[in-house]
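Visitor: give me the fold of what follows.
(chains A and B, ligands or ions: 1)
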Amino acid sequence: MPVVDLAATTVRELNRTLHGLAEGSNETDWEIRNPRGAHAIAAGLDAPLTVTIDGPVGYYCAGMNKLATVEIAGNAGVGVAENMMSGRVHVQGNASQSAGATGRGGLLVVDGDASARCGISMKGIDIVVKGSVGAMSAFMAQAGNLVVLGDAGEALGASIYEARLFVRGAVVSLGADCVEKEMTDEDRIILEGIVDRAGLAGEVSPADFRLYGSARKLYHFNPDHIDGY
Amino acid sequence: MTARAQTPPRPAALFDSYAISEIHRAAATGIYDIRGGGSKRRMPNLDDLLFLGASMSRYPLEGYRERCATDVVLGNRFAEKPIHLKIPVTIAGMSFGALSGPAKEALGRGATAAGTSTTTGDGGMTPEEREASALLVYQVLPSRYGMNPDDLRRADAIEIVLGQGAKPGGGGMLLGQKISDRVAAMRTLPPGIDQRSACRHPDWTGPDDLEIKIEELREITDWQKPIYVKVGASRPYYDVALAVKAGADVVVLDGMEGGTAGTQEVFIEHVGLPMLAAIPPAVQALQDLGMHRKVQLVVSGGIRFGADVAKCLALGADAVSIGTAALIAIGANDPRREDEYRALGTDSVAYDDWHEGRDPAGITTQDPELAARLDPVLAGRRLANYLAVLTLETQTIARACGKSHVLNLEPEDLVALSVEAAAMARVPLAGTSWIPGLA
Ligand SMILES: Cc1cc2nc3c(=O)[nH]c(=O)nc-3n(C[C@H](O)[C@H](O)[C@H](O)COP(=O)(O)O)c2cc1C
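Guide: Got it, this is the predicted structure:
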């Protein structure tokens, strides 16, 4: 397995190497040592690689990821897996703000907590946070699923569109136009599938979660809903 | 009773017919007025400046014979592949969604024929516009609609949009009637709903974060593409300085005259700075940092004629960008369809309900029948013609001022017609050596 030591190599060289791997290259498993909080590590990957990072990463680790699996053995800075398209990103520690922001596909798993704005503007990604999420999470969330095993901070799902928010613990407050919803069979199947993919099958029960989503009152401008704007 | 002399009807300056009709409209609907286009009020603008031309002490160039170059390179600070434009006029970002597919294609065709770039918008990149545009700038907006790394890699440059001159501090809005199935799918939204684009970026706040965001975009694209930062004109000195500090290759500065696809009237008319007031502090910031001409400045907002282009360049911009004028060039506000504008309660000159999607010219619409009215090949040709005229006019002025390159125009070539314009543009009041506020 190729090992890249960021004490000796720049992030720029690392990313160029990962982007430049020929299609079908058999160097698919990479280990990154000494990340020391550097930014944009493994950003823009576009191949079915597995990249393991031995320590904490800075902003935008695995940003816009496609196809790759990125394993972070540490905490992650702002915007981990932002705008992810597909693949899988796993943070073994905590994640800072805007984890999985605008993500369009793939799965982001955070073992610890995620800070404010987790899943902001999400567009199809699935996010599983085993701890709690901070304020303004899933703000303007358009599509995809956020699964929180712990609690959620203030203004969860403000101005949400069609994303589903499953929270097992307490929610401090719901944001504009976000309401609790009855969980249908379809919702339950979706939740089970994500829990399964996150490797939590048998450990958590969908029945313990509550579902939040859009009241759809802000979908058309209406002076009678002015408090929502 | 003797008849007394009648007082003639006297409308109040403040409560004029517009104010009264707007109050009635607000009372009837309970919602603010939304429209497209730029500010309609009169304010100090580029028309308040004049060129001095050559004289005893300045030597002009021969029109048509002596070369007056117009090419501009954008983004040679960090990017491995800077943008080479043949003319100092680019096409501004306008979204597919706000504009029809054929309109976007026409902009690409016209820009390509003229040797310049066009720009995506709040809604992602369409394959048609990529194909039609030799040089395409891909916008990264707060909404991130349609954002994906493949398009980022397909782009020739990347533009991070912080704001627009029409609405600095505001997000976007596209009303339900324009959210067709295709527009909805590109934005990952349900069709037919009113869509609000965020006004803040989801994954960074402030200039220190922006620096890291730019680094990420460079990493994703292997440092190949120039990265522009677009700001609405509000605090141009600091915004430009901070954009430079954050690592921008190019700063795009959009004055309050600048058009929009649709936003609140109150925003369009009352927030932001006009170009005349915004360009000099922006140039000053670049000069103070030793970055003038190293980080290029592209300005936009209300550009119509070559004279406007020349004045922006003389004030220190490296290029200009046009939105509204490009739409008119491809056929918007078409007097030949006057009856149809009247049926919409307006006329071909005033028409600004671009957000409603019923554009008789088939440009600001998603209605397939209306959109089909625009022939992208013909419309692209018209845009190329118009861009050629802008360029020829700019060269005419530059030659008259004795410049062998349009970028050699300078503030020294300009005077102002009003005290306000002199103070804002930082050039002397005509016939004097007085620059209010400086001298
Ligand atoms: C129909 C239309 C759509 C626009 N869409 C966007 C957009 O998506 N993103 C953006 O940054 N600016 C957008 N703008 C603003 C233009 O990029 C540009 O700043 C402005 O049009 C310049 O002023 P002008 O129209 O007076 O030339 C839009 C403008 C118009 C007229």
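Visitor: make it CA atoms for all contacts and neighbour counts henceforth
Guide: Noted.
Visitor: next one: the helix or strand that contains B:Tyr228 to chain centre, how far?
Guide: Element membership for B:Tyr228 (DSSP states H and E) is strand B:227-232. Its chain's average C-alpha position is 12 Å from that of strand B:227-232, according to Cα atoms, centre = their mean, to the nearest Å.
Visitor: same for that strand, what does it pack against?
Guide: Applying 3 or more Cα pairs under 8 Å, 6 or more residues apart in numbering or on different chains; DSSP states H and E, we find strand B:227-232 packed against strand B:157-161, strand B:250-254.
Visitor: does the last one reach the ligand?
Guide: This means strand B:250-254. Yes - if you take Cα under 6 Å from any ligand atom as the test, strand B:250-254 does meet the ligand, through B:Asp254.
Visitor: what comes into contact with that strand?
Guide: B:74-75, B:164-166, B:226-233, B:236, B:240, B:243-244, B:275, B:279, B:295-301 (Cα atoms under 8 Å, 6 or more residues apart in numbering or on different chains).
Visitor: check those residues for burial and list the buried ones.
Guide: B:74-75, B:164-166, B:226-233, B:236, B:240, B:243-244, B:275, B:279, B:295-301 (16 or more other Cα atoms under 10 Å in any protein chain shown).
Visitor: near chain B, which residues of chain A show up?
Guide: A:12, A:15-16, A:39-40, A:43-45, A:59-60, A:63-64, A:78-79, A:82-83, A:85, A:97-98, A:101-102, A:117, A:120-121, A:123, A:142-143, A:161-162, A:219-223 (Cα under 8 Å from any Cα of the partner chain).
Visitor: buried among those residues? Make that a PyMOL selection.
Guide: A single PyMOL command selects the buried members of these (16+ other Cα under 10 Å):
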select buried, chain A and resi 12+15+16+39+40+43+44+45+59+60+63+64+78+79+82+83+85+97+98+101+102+117+120+121+123+142+143+161+162+219+221
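Visitor: take the residues of chain A next to chain B and keep only those in strands.
Guide: Per DSSP state E, strands hold the following members of these: A:123, A:143.
Visitor: quick one: the strands in chain A?
Guide: Secondary structure of chain A (DSSP E): strands located at A:3-5, A:29-33, A:50-53, A:69-72, A:88-91, A:107-110, A:123-129, A:143-148, A:164-167, A:178-181, A:210-214.
Visitor: who are the contact partners of the closest residue to B:Ala372 other than its chain neighbours?
Guide: The shortest distance from B:Ala372 to any non-neighbouring residue, by Cα to Cα, 6 or more residues apart in numbering or on different chains, is to B:Gly362 (6.8 Å). By Cα under 8 Å, 6+ apart, the contact set of B:Gly362 is B:100, B:103, B:332, B:370-374.
Visitor: how about a cut-off of 10 Å?
Guide: B:Gly362 makes contact with B:99-103, B:331-332, B:368-375, according to Cα atoms under 10 Å, 6 or more residues apart in numbering or on different chains.
Visitor: part of a helix, is B:Thr396?
Guide: Yes - assessed by DSSP: H, G, I helix; E, B strand; the rest coil, B:Thr396 belongs to a helix.
Visitor: not counting sequence-adjacent ones, nearest residue to it?
Guide: Distances taken as Cα to Cα, 6+ apart place B:Gly63 nearest to B:Thr396, at 6.9 Å, with adjacent residues excluded.
Visitor: tell me the phi and psi of that neighbour?
Guide: phi -60, psi 140 (degrees, to the nearest 10).
Visitor: can you pull the contacts of it?
Guide: Here B:Gly63 is in contact with B:395-400 (Cα under 10 Å, 6+ apart).
Visitor: B:Phe267 belongs to a helix, doesn't it?
Guide: Yes - according to three-state DSSP, B:Phe267 belongs to a helix.
Visitor: so what's it closest to, chain neighbours aside?
Guide: Nearest one to B:Phe267, counting by Cα to Cα, 6+ apart, is B:Lys167 at 5.6 Å.
Visitor: what's the local residue count around the residue in the stretch 1-150 of chain B that chain A sits nearest to?
Guide: In the stretch 1-150 of chain B, the residue that lies nearest chain A is B:Gly30 (5.6 Å; Cα to the nearest Cα). Residues near B:Gly30, counting by other Cα atoms under 10 Å in any protein chain shown, number 12.
Visitor: just B:Gly206 next, same as before
Guide: 10.
Visitor: quick one: pLDDT of it?
Guide: The model reports B:Gly206 with a pLDDT of 93.
Visitor: so how far is B:Val161 from the residue nearest the centre of chain A?
Guide: Chain A has A:Gly100 as the residue nearest its centroid, 3.4 Å off, counting by Cα atoms, centre = their mean. From A:Gly100 across to B:Val161, the span is 20 Å (Cα to Cα, to the nearest Å).
Visitor: flag the shaky bits of chain A, pLDDT-wise.
Guide: For chain A, the stretches with pLDDT under 70 are A:223, A:225-229.
Visitor: what segments of it are helices?
Guide: Taking DSSP state H, the helices of chain A run over residues A:11-20, A:185-197.
Visitor: give me the contacts around the shortest one.
Guide: Applying Cα under 10 Å, 6+ apart, the set of residues contacting helix A:11-20 from outside is A:4-6, A:10, A:27-28, A:30, A:32, A:35, A:38-47, A:49, A:51, B:215, B:218-223.
Visitor: can you list the strands that the strand holding B:Tyr228 pairs with?
Guide: Strand pairing for strand B:227-232, determined by DSSP bridges: strand B:157-161 (parallel), strand B:250-254 (parallel).
Visitor: what's downstream of it, the next helix or strand?
Guide: helix B:236-245.
Visitor: what angle do that following helix and strand B:250-254 make?
Guide: 150 degrees (axes from the mean of the first three to the mean of the last three Cα atoms, to 10 degrees).
Visitor: which other helices and strands contact helix B:236-245?
Guide: In terms of contacts (3 or more Cα pairs under 10 Å, 6 or more residues apart in numbering or on different chains; DSSP states H and E), helix B:236-245 is packed against helix B:206-220, strand B:227-232, strand B:250-254, helix B:275-288.
Visitor: point me to the residue of chain B nearest chain A.
Guide: B:Ile220 (4.4 Å).
Visitor: contacting residues for the closest residue in space to that residue that isn't next to it in sequence?
Guide: In space, and not counting its chain neighbours, B:Ile220 is closest to A:Gly44: 4.4 Å by Cα to Cα, 6+ apart. A:Gly44 makes contacts with A:15-16, A:18-19, A:60-66, A:68, A:81, A:83-85, B:148-150, B:152-153, B:216-222, as judged by Cα under 10 Å, 6+ apart.
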